[in-house]
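Peer 1: the amino acid sequence is not available; the structure is as follows:
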């Protein structure tokens, strides 16, 4: 039997992703030796805080039915996908599901961890977007996806600059 989520639970997972991301970026900022990288990590943390508030706001607009009922997913595919993503390693702020930063990571490693986590978040939000009705804020999820893509690109640019 597939695991199903209601909209409230899906947004709760998205909120946790953003909390993890903001926490990771703040911690990474304390470990980055370069001021430019520190500032970038702090800027990304602030953006994750904004995403958190967006998901919290979207969650407050859910009807009682949306909070209690499960999403329409007759084949259970979206629910299985979201469960796999929720169980996966490397969401924002995590090296793995139960693995924390040690403080021994190089700037390159911090950037690589962040890039991988951003990619996983993007995948989750693409799945989430399909479950969010247009009137409930699908455009907001799309905007967050675009910002997360921008985060991954910025991190990639920093990594390329570090490697050159």
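Peer 2: Everything's here; your move. Values in this document were obtained by computation on a predicted structure and should not be read as measured data.
Peer 1: got the contact list for residue 140?
Peer 2: Residues near residue 140 by Cβ atoms under 8 Å, 6 or more residues apart in numbering: 54, 58. Every C-beta, even on glycine, is put in place using the N, C-alpha and C of the backbone.
Peer 1: 6 Å - rerun?
Peer 2: Shown in contact with residue 140 (Cβ atoms under 6 Å, 6 or more residues apart in numbering): residue 54.
Peer 1: assumed it was part of a strand.
Peer 2: No: if the criterion is DSSP: H, G, I helix; E, B strand; the rest coil, then residue 140 is helix and not within a strand.
Peer 1: from residue 128, how far out is it?
Peer 2: Noted for residue 140: a distance of 11 Å to residue 128, by Cβ to Cβ, to the nearest Å.
Peer 1: what do you get for residue 161?
Peer 2: Relative to residue 128, and taking Cβ to Cβ, residue 161 is found at 32 Å.
Peer 1: more neighbours: those two, which one.
Peer 2: residue 128 (27 against 11; other Cβ atoms under 10 Å).
Peer 1: quick one: secondary structure of that one?
Peer 2: Once three-state DSSP is applied, residue 128 turns out helix.
Peer 1: could you check the pLDDT of residue 3?
Peer 2: At residue 3, the model reports a pLDDT of 48.
Peer 1: ignore the last one, residue 95
Peer 2: 48.
Peer 1: cool, and residue 164?
Peer 2: So residue 164 comes in at 85 (pLDDT).
Peer 1: go on, residue 23?
Peer 2: Looking at residue 23, the pLDDT reads 89.
Peer 1: ok, and for the helix or strand hosting it, which residues are buried?
Peer 2: Residue 23 belongs to helix 7-31 when assigned by DSSP states H and E. Neighbour-count burial for helix 7-31 flags 7, 9-11, 13-22, 24-29, 31 (criterion: 16 or more other Cβ atoms under 10 Å).
Peer 1: fine by me, thanks again.
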